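Output the structure for:
(2 chains)
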Amino acid sequence: MNTNINYNTEDLLHSLPDYISKNITDPELVKAIESKISSDPEFKMEYLNLSETLNLFESYNMESPSDAYFNNLSVRINESIHKETQTDPFFKRFGISLKFALSAFVVLFVITSAVFYFYNSETDKNLITSDQTNVSTDKNDSLKINESGNNGQSHTIPDMSVANDPESEMKNDGIKKTELIDNKSENTKRNNRLSENKSDIQKKEVANTLNENSSVFSKEDEITSVPFKASAFDELAFADNTGANKNSPDLSDNSDNTESSESELEQNDDVLISGDSDDDFLEEDIFDLTPEEQLEIVKYLKQS
Amino acid sequence: MSDKKLNIASSDEELISSFNKGDQSAFNYIVRKYQKKVYWIIRKMVLDHDDADDITQEVFIKLYRSLNDFRGDSKFFTYLYKIAVNYSINHLNRNKKINSRKSDIDNSLILSEDKIADEIMISRDRTELLEEAIETLPAQQRAVFNMRYYDNLTYEDIANILNKSAGGMKANYFHAIKRLEKFLKCHKKSELTESN
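Residues are numbered from 1 along each chain as shown, chains lettered A, B, ... in the order given. Predicted coordinates:
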């Protein structure tokens, strides 16, 4: 029976050192190696060379340290361990808590900086999209804010920063941004005030017209005051519808003429404010009318 | 609770258990029990006594720190052996330059049919020559050679210690011996030419 069937040459070659050292427990493998040695001269040569090398190492002995060395070894090991535990670095002693604290600090810092950056970028976008504010920076880094709603007046903020000083530049940037934000809010307030004034003017114009008519016709015919008031409302309604009444300004919402009308309205502010007593008179006058007449007035007002 | 007094002959389980419960003397017994074995594992790897001494201390310091993590999946000595071999391999890899200088063997000098004769080694200390031969081995081959030749560990144990396959370890052992053989033959030829 051929026992070499299960083992190739490489297997047998790799098993040779163990065969020489007599460490092979598999008898079939031992038989296979022995038959290979007897049949293959190259394999036999390999066997002899390996045997010789391993025999050399059998006689190899290292110089052993003294017994005193091993007696002291445990003591020195304990000393080394004691030193290691005493000189543990700061980070190792406070390992976990310090790591958590540091990582939390880093996360907070990142979040804060991200929020700050986001806020700044949003402010910049708002400033760019603001339709009435032009920002220009001259060579001396002075800031001019031109507002179209402010009659072309420009505010010049002198640059107090030192040249090439990044910190002062950042501060000035912050100041400029706050200035721009303030101007924007002022513009918004001014626009609101103007729209309020428009509605006030409308009311007061109506009131003035009513007062004028009522004062004229009341002298002529106090009994027939109702028709006169009706005719006054007719006139008023006509004037509003045609826009032919030159005494009253055109108060329709015309965006093209907004700027000019705004300036006119601003000029008339003082005059209009002083007309509060006329409003009181008008209210009293209306309350004197019959409900039918009041309904008629309301209808006219709705139509106008 | 057993009040069994610990000593160097106590079992590994008892010593480890006592140490994990806070008994520092248990670790002293572990050191005294295994210090010689660990020293010789390392010494055969690094060959130098001072290096072996340093590494032995490092291994026991490592053991002191990691003994709480030992779960008994393998034998305690295998666990300790693994630490010792890995520390030795790391040491050898750090000093690779020194070893590589000696491992430059000129294959042309090798005469395959020549045999190593004892008389050739007269002019040189045999031990020194064998140490030089061992120094030519790469760290892993050296570890495999020592574990198999001197400590008679099975290939499975060696593979477990080095995290390799058992078949690979067998081949590694064979190639380690072939390399030693090649070095010794090379020096036989060079000494012959010197004597002429």
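
Quick check: which ranges of chain B have low pLDDT?
Within chain B, the ranges that satisfy pLDDT under 70 run B:1-4, B:97-124, B:188-196.

Show me it divided up by domain.
For chain B, the structural domains run B:1-94, B:102-196, going by automatic domain parsing.

export these to a markdown table and tack on mean neighbour count?
Bear in mind the C-beta positions are built from the backbone N, C-alpha and C, glycine included. Shown next, in a markdown table, are those (neighbours: other CB atoms under 10 Å in any protein chain shown):
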| stretch | mean neighbour count |
| --- | --- |
| domain B:1-94 | 17 |
| domain B:102-196 | 16 |
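
three-state assignment of residue B:73?
coil (DSSP: H, G, I helix; E, B strand; the rest coil).

Let's verify residue B:22: helix, strand, or coil?
Recorded secondary structure, residue B:22: coil (three-state DSSP).

now the domains of chain B as CSV including distance to residue A:289?
Putting those into CSV (distance: least, CB to CB, whole Å) gives the following:
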stretch, distance to residue A:289
domain B:1-94, 100
domain B:102-196, 106
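
between those domains, which one is nearest to residue A:84?
Comparison of the domains of chain B against residue A:84 by CB to CB identifies domain B:1-94 as nearest, at 6.0 Å.

hey, C-alpha coordinates of the helix or strand where residue A:46 lies in PDB?
In this assignment (DSSP states H and E), residue A:46 forms part of helix A:41-58. Only the C-alpha atoms of helix A:41-58 are listed here, as PDB (Å, rounded to 0.1, in the frame of the first residue of the first chain):
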ATOM      1  CA  PRO A  41      18.000  11.500  -2.900                       C
ATOM      2  CA  GLU A  42      17.200  15.300  -2.900                       C
ATOM      3  CA  PHE A  43      14.800  14.900  -0.100                       C
ATOM      4  CA  LYS A  44      17.400  12.800   1.800                       C
ATOM      5  CA  MET A  45      19.900  15.600   1.300                       C
ATOM      6  CA  GLU A  46      17.400  18.100   2.700                       C
ATOM      7  CA  TYR A  47      16.800  15.800   5.700                       C
ATOM      8  CA  LEU A  48      20.500  15.600   6.400                       C
ATOM      9  CA  ASN A  49      21.100  19.300   6.200                       C
ATOM     10  CA  LEU A  50      18.200  20.100   8.500                       C
ATOM     11  CA  SER A  51      19.300  17.500  11.000                       C
ATOM     12  CA  GLU A  52      22.700  19.000  11.100                       C
ATOM     13  CA  THR A  53      21.500  22.500  11.700                       C
ATOM     14  CA  LEU A  54      19.100  21.500  14.400                       C
ATOM     15  CA  ASN A  55      21.800  19.400  16.100                       C
ATOM     16  CA  LEU A  56      23.900  22.600  16.300                       C
ATOM     17  CA  PHE A  57      21.200  24.400  18.100                       C
ATOM     18  CA  GLU A  58      20.700  21.500  20.500                       C
END
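
If you count neighbours, what's buried in it?
A:43, A:46, A:47, A:49, A:50, A:52, A:53, A:54, A:56, A:57 (16 or more other CB atoms under 10 Å in any protein chain shown).

Of those residues, which are in range of chain B?
Counting by CB under 8 Å from any CB of the partner chain, A:49, A:50, A:52, A:53, A:54, A:56, A:57 from these sit close to chain B.

need the residues you listed in CSV with pLDDT and distance to residue B:178, can you?
Shown next, in CSV, are those (pLDDT from 0 to 100; distance: CB to CB, whole Å):
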residue, pLDDT, distance to residue B:178
A:49, 91, 9
A:50, 92, 8
A:52, 90, 12
A:53, 90, 8
A:54, 90, 11
A:56, 86, 14
A:57, 86, 13
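
hey, where'd the helices end up in the stretch 1-150 of chain A?
Using DSSP state H, counting those that start in this stretch, the helices of the stretch 1-150 of chain A run over A:9-20, A:27-39, A:41-58, A:67-86, A:90-93, A:95-129.

which of those helices sits most buried?
Most buried of the helices of the stretch 1-150 of chain A by mean neighbour count (mean count of other CB atoms under 10 Å in any protein chain shown) is helix A:9-20; its value is a mean of 18.

packing partners for whichever strand or helix holds residue B:182?
Per DSSP H and E, residue B:182 falls inside helix B:166-195. Packed against helix B:166-195, as judged by 3 or more CB pairs under 8 Å, 6 or more residues apart in numbering or on different chains; DSSP states H and E, are the following elements: helix A:9-20, helix A:41-58, helix B:126-135, helix B:139-145, helix B:155-162.

Any chance of JSON lines for the ones you listed, columns distance to residue B:17?
Formatted as JSON lines, the helices and strands packed on helix B:166-195 follow (distance: least, CB to CB, whole Å):
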{"stretch": "helix A:9-20", "distance to residue B:17": "38"}
{"stretch": "helix A:41-58", "distance to residue B:17": "40"}
{"stretch": "helix B:126-135", "distance to residue B:17": "39"}
{"stretch": "helix B:139-145", "distance to residue B:17": "30"}
{"stretch": "helix B:155-162", "distance to residue B:17": "24"}
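
Quick one: closest of these to residue A:71.
Of these, nearest to residue A:71 by CB to CB is helix B:126-135, at 26.0 Å.

one step back: tell me which of the helices and strands packed on helix B:166-195 sits nearest to residue B:32.
Per CB to CB, nearest to residue B:32 of these: helix B:155-162, 23.1 Å.

How far away from the center of its chain is the closest one?
What separates the centre of helix B:155-162 from the centre of its chain is 13 Å, taken as CA atoms, centre = their mean, to the nearest Å.

now stretch B:149-157
On the basis of CA atoms, centre = their mean, stretch B:149-157 sits 11 Å off its chain's mean C-alpha point.
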